[in-house]
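Q: Sequence and predicted structure below; questions after.
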Amino acid sequence: MKTAGITWRQQAARHRITRLILHPAITLISLLLLFLLVFFGTLYQTDHGLYEAQRMFFGYGIVLLGGIFPVPAASLVLWVLSIQLILTIALILPWKIRKVGLWISHLGVLTLLVGGFITQVLAVESQLTLAEGERGDYSSAYHDWELALWESDADTNHVVAWIDSDLKPGRALSFNPYPVEIEVDNYFRNAAAFNASATGGQPTAINPSGIAMIESRPLEKEVEQNIPGIVFDLKLPGKKDRKFQLYGLETLPLILNVDGKTFKMQLRHRHYPLPFGIKLEEFKRTLHPGTEIAAGYESTVDLIEGEQSRPVRIYMNNPLRHSTYTLFQASFSQERNGLEKSTFAVVTNPGRVLPYVSSLTVFGGLLIHFLILFVAYARRESVK
């Protein structure tokens, strides 16, 4: 559609709001802010840890640079640059065949930004630790915790869980369809646990591991060092309310008997069910000569789906990729009895292929653009 010889794209591009959004000063300021956020975020990481630095500087909030100047966090800045890029593609780039390379390149950059957004919103990082012969069907979060309840004697565990952000003091929680309710007295993001001999008195609440008291502690710089604790009142049908306390490092779950059924409850790292099974068949560790320092380690696992399985070797720079999941060889541990366990970093990211697609698209677009320019140049030279 044209109005007085001007297309709708030209009209939209000349609008004062469009010109304001696409002003080069906004682009330069956004790029400068990204540089400052990365710089100060790196300094902040030294004292507060990587997790807190990512949460504060690269999310959607407001950051006080130097504790004084408020600026938007990195994700907000990237949204501004993304809007500028979308408007440039929609309104500024000419619809001409000789500009097709620029169109492809811009779309490639946009694909990269979309992939980053999908990764930020949907990607999940967790871990899976197995001993030889052991099978795992779920991974565990690094930082997030949950209060979980399940029926232990059922053929298939039906787990009901509340994540740590829901465990607020005074909150009443129902574990439907199970007839169990709790009311949270206290939830500590970081806590210390003491037994009866340390407290010199009676336990403050019932605990399956002999813990007599749980106290709050300041948050640690590295978030994985924070071990939570919870104190709650348990409400069962036809029984008097009782007070319980659970600690994040406990290996023994709380066992409940309700209407002839046995239930278990535990405060644990958040679990993520896997759509496949992983069985560790063999773990190998090589040492530097004359030392106990690991030079390398690898795992041979069976990837199990239904009735089918296939062996896979996982080692440094050779992860297991399956569907949207990637399993990396992360570390290992050795218990006092000599049993070695292999730990895998488990990453699920629906947008993991988009950076590769973006890179190829940008490269292809620039190649096409410069080929078109070269052909035009060659034609001009041949006329001379």
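A: Structure received. Every value quoted in this text rests on a predicted model; they were computed, and no experiment measured them.
Q: Could I get the full set of strands for the stretch 1-150 of the chain?
A: Taking DSSP state E, counting those that start in this stretch as the criterion, the stretch 1-150 of the chain contains strands spanning 2-3, 6-7, 62-65, 69-72, 124-131, 135-151.
Q: got a markdown table for those strands, with distance to residue 271 and mean neighbour count too?
A: Heads up, the C-betas are built off the backbone N, CA and C, glycines and all. Output for the strands of the stretch 1-150 of the chain, formatted as a markdown table (distance: least, C-beta to C-beta, whole Å; neighbours: other C-beta atoms under 10 Å):
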| stretch | distance to residue 271 | mean neighbour count |
| --- | --- | --- |
| strand 2-3 | 60 | 9 |
| strand 6-7 | 56 | 12 |
| strand 62-65 | 33 | 15 |
| strand 69-72 | 34 | 14 |
| strand 124-131 | 9 | 17 |
| strand 135-151 | 5 | 18 |
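Q: ok, and for the longest helix seen in the chain, which residues are buried?
A: Using DSSP state H, we find that the single longest helix of the chain is helix 354-383. For helix 354-383, the buried set under the neighbour-count rule, 16 or more other C-beta atoms under 10 Å, comprises 354, 358, 361-362, 365, 368-369, 372.
Q: can you list the residues you listed in CSV and add pLDDT and distance to residue 330?
A: Formatted as CSV, the buried residues of helix 354-383 follow (pLDDT from 0 to 100; distance: C-beta to C-beta, whole Å):
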residue, pLDDT, distance to residue 330
354, 90, 24
358, 94, 27
361, 94, 32
362, 94, 31
365, 93, 37
368, 93, 41
369, 91, 42
372, 91, 47
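Q: Give the single residue among these positioned nearest to residue 178.
A: residue 354 (40.9 Å; C-beta to C-beta).
Q: Buried residues, the strand ranked longest in the chain. List them.
A: What stands out as the longest strand in the chain, according to DSSP state E, is strand 261-287. Residues of strand 261-287 classed as buried: 263-272, 274, 277-280, 283 (neighbour count, 16+ other C-beta under 10 Å).
Q: and the two most separated of the residues you listed?
A: The largest distance within those, taken as C-beta to C-beta, falls between 263 and 283 and amounts to 34.4 Å.
Q: which intervals of the protein have sub-threshold pLDDT?
A: For the chain, residues meeting the criterion pLDDT under 70 lie at 1-5, 49-50, 153-157, 198-201, 292, 294, 384.
Q: domain assignment for it?
A: Here the domain parsing of the chain from automatic domain parsing is 2-122+353-383, 126-136+275-348, 141-272.
Q: one step back: turn the buried residues of helix 354-383 into CSV, including distance to residue 291.
A: Below are these laid out as CSV (distance: C-beta to C-beta, whole Å):
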residue, distance to residue 291
354, 42
358, 43
361, 47
362, 46
365, 51
368, 54
369, 55
372, 59
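Q: who touches the most centrally placed residue in the chain in this structure?
A: Closest residue to the average C-alpha location of the chain: residue 124 at 3.6 Å, with C-alpha atoms, centre = their mean. Contact analysis of residue 124 by C-beta atoms under 8 Å, 6 or more residues apart in numbering lists 141, 272, 347-349.
Q: Cool, thanks, signing off.
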